[in-house]
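In: Predicted structure and sequence below. I'll ask about it afterward.
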Amino acid sequence: MLDMHSIRWGFKPLLNQVKLPADVTDFEGNQLSKLNSKSGRNHAKARLIQFIMTSRLATFPFVGIKVAILEEGAIYMTTTKGLEGVVATQSAISSIIDDTLTYVGYDIDDLAVNASFEEVVYLLWHQRLPKEDELAELKKQLAANMAVPKEVLESFKTYPINDVHPMAALRTAVSLLGLYDENAEDMSEEANYGKAIKLQAKMATLVTAFGRIRKGLEPVAPKEELGYAANFMYMLTGEEPKEIAVEAFNKALVLHADHELNASTFTARVCVATLSDMYSGVTAAIGALKGPLHGGANEQVMKMLMEIGSEENVESYIREKLDNKVKIMGFGHRVYRKGDPRAKHLREMSKRLTELRGEEKWYNMSTKIEEIVTGEKNLPPNVDFYSASVYHSLDIDHDLFTPIFAVSRVSGWIAHILEQYANNRLIRPRAEYTGPGMQKYVSIENR
Ligand SMILES: CC(=O)SCCNC(=O)CCNC(=O)[C@H](O)C(C)(C)COP(=O)(O)OP(=O)(O)OC[C@H]1O[C@@H](n2cnc3c(N)ncnc32)[C@H](O)[C@@H]1OP(=O)(O)O
Ligand SMILES: O=C([O-])CC(=O)C(=O)O
């Protein structure tokens, strides 16, 4: 039993070996390693060990942990604002170590250049690359499941379609999709894999159909012989895309597919850890991705580029924002310090596509912004920065940029949802109470 008594006495020799790191502090910033009494220090260590063991965190990094000593001997863990630095789960899907991103151990630089999006989907869901027949089967299943129930498409026409953001429409449509899946509540492995295929396939149709219906155009049915990236562009425009467009779009899908425990993936895991269904998990994740501090930033980057308008205006626009402490969208990251490894691939794609269209100004403005923000604030661009000029160059409506992020990231959400189901425990942290002390109820006439 993992009670404090057994940890303190049973692990006594261990306690002598454990060092309380300097950054384990109480709320006043006092280092617990400097607690006067040995018994106090041992108690702090025991609480740390108990916390680690009951959290099943094998490798909890003893950094940035704050603890509150709320009553004599009782130490409560808390963390930095926004859970920065907290390791909240274990996962074998993707990792960010020393600013290197890998999917199942494959460097993103390798995958961005070599992999198709479908291969990446398979990799994330099965933790290995597919063989030829397995890839062919996945492609077949995706193409066969792209059609969405007509009730869902018809429902778009009932939205205030010109006023709603496509991310809000997608959030509702995915939820609605669940109502038309007879296996939505079936939690068997087989049914969950079926839902994974359906969600991955139908998200592309939902986004492209919404993009067309709001312009008064009919949705375009997918072509079985096209891959996922090409089919998306075909369903959006009604024309088979050029090779360079497919290459760019496939690369963008690969780069956005998964990213460890980002906000939307965490949201999906929290949701399904209650043993809720996959449609609920993905709907919740879409809500989290929508915000401009996360996936919504790519649309905001394009808005900024349009506002700036030309290269000459970059310097004054950006400096004015920085002087007023306004965040520049597409820069900064919670985890990367030296830079987001995905950005260089999108930068290169942005250069090629803008040149091809004779619209180099978007790329030139972007590099100038990067120079200033990196120079002034030491903040490198993230995945959202150059994806904006890439999607713009592919003639995609700006408010579809974030839904496209979702079309790719649903592959990662699903991988994490399946991983959560496979080794589930309810995710339920604690809050440090900061409200008033005990109060007595006062009847309404006496308040
Ligand atoms: C796919 C993705 O989700 S990638 C991220 C997409 N989001 C964006 O691009 C939005 C812009 N960037 C940001 O808001 C942040 O950098 C985040 C949300 C990505 C990371 O946030 P956090 O780790 O919480 O950093 P936080 O917001 O606390 O910023 C730390 C400091 O850097 C500054 N900073 C961070 N990002 C930026 C930025 N883009 N522009 C200007 N200053 C910034 C903050 O103002 C803050 O400064 P201060 O300490 O002087 O107050
Ligand atoms: O990891 C994050 O916090 C955000 C991000 O870059 C992503 O989700 O791709």
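Out: Okay, I see it. Ligands and ions are numbered 1, 2, ... in the order given.
In: mind giving me the domain split of the protein?
Out: 4-88, 94-294+408-422, 297-393 (automatic domain parsing).
In: Of those, give the one that comes closest to ligand 2.
Out: domain 94-294+408-422 (3.1 Å; C-beta to the nearest ligand atom). Bear in mind the C-beta positions are built from the backbone N, C-alpha and C, glycine included.
In: just how off-centre is that closest one within its chain?
Out: Its chain's average C-alpha position is 13 Å from that of domain 94-294+408-422, according to C-alpha atoms, centre = their mean, to the nearest Å.
In: and that domain with ligand 2, contact?
Out: Yes - Domain 94-294+408-422 is in contact with ligand 2 by C-beta under 6 Å from any ligand atom, via His259, Asn262.
In: and Asn162, what helix or strand is that in?
Out: For Asn162, there is no host helix or strand (DSSP states H and E).
In: Alongside ligand 1, which residues does this structure contribute?
Out: Counting by C-beta under 6 Å from any ligand atom, the residues of the chain that sit close to ligand 1 are 82, 293-295, 297, 327-334, 377, 379, 382-384.
In: Among the residues you listed, which are located in strands?
Out: Judged by DSSP state E, strands contain none of these.
In: Can I have the buried ones of these as a PyMOL selection?
Out: In PyMOL, this line selects whichever of the residues of the chain next to ligand 1 come out buried by 16 or more other C-beta atoms under 10 Å:
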select buried, resi 294+295+297+327+328+329+330+331+332+333+379+382+383+384
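In: taking the residues of the chain next to ligand 1 one by one, which sit in helices?
Out: In helices, judged by DSSP state H, the following of those are found: Ala297, Lys377, Val383, Asp384.
In: helix/strand/coil for the closest residue to Leu153 other than its chain neighbours?
Out: Closest residue to Leu153 apart from its sequence neighbours, by C-beta to C-beta, 6 or more residues apart in numbering: Ala209 at 5.6 Å. Three-state call for Ala209 (DSSP: H, G, I helix; E, B strand; the rest coil): helix.
In: Is it correct that Ala209 is in contact with Ser155?
Out: No - contact between Ala209 and Ser155 fails when scored by C-beta atoms under 8 Å: they sit 10.8 Å apart.
In: pLDDT-wise, which helix or strand of the protein ranks last?
Out: strand 66-71 (a mean of 46; mean pLDDT, DSSP states H and E).
In: any idea how far Asp395 is from the residue of the stretch 201-350 of the chain found nearest ligand 1?
Out: Taking C-beta to the nearest ligand atom, ligand 1 has its nearest neighbour within the stretch 201-350 of the chain at Gly332, 2.3 Å off. Between Gly332 and Asp395 the distance is 29 Å, computed by C-beta to C-beta, to the nearest Å.
In: Mind jotting down where the helices sit in the stretch 51-200 of the chain?
Out: 108-114, 117-126, 132-144, 150-156, 166-179, 189-213 (DSSP state H, counting those that start in this stretch).
In: List the residues that contact Phe249.
Out: Residues near Phe249 by C-beta atoms under 8 Å, 6 or more residues apart in numbering: Ala229, Ala230, Phe232, Met233, Pro241, Leu394.
In: Work out for me the element the nearest residue to the second one once chain neighbours are set aside sits within.
Out: I take that to be Ala230. Nearest residue to Ala230, sequence neighbours excluded (C-beta to C-beta, 6+ apart): Val246, at 4.7 Å. Take DSSP H and E as the rule and Val246 turns out to sit in helix 243-256.
In: Let's see if you can find the most crowded of the contacts of Phe249.
Out: Among the contacts of Phe249, the one with the most neighbours (other C-beta atoms under 10 Å) is Phe232, at 28 neighbours.
In: Now tell me what touches stretch 204-213 from outside.
Out: Counting by C-beta under 8 Å, 6+ apart, 146-148, 152-153, 156-157, 161, 166, 169-170, 173-174, 177, 218-220, 222, 228, 231-232, 235-236, 238, 397, 400, 403-404, 406-407 sit against stretch 204-213.
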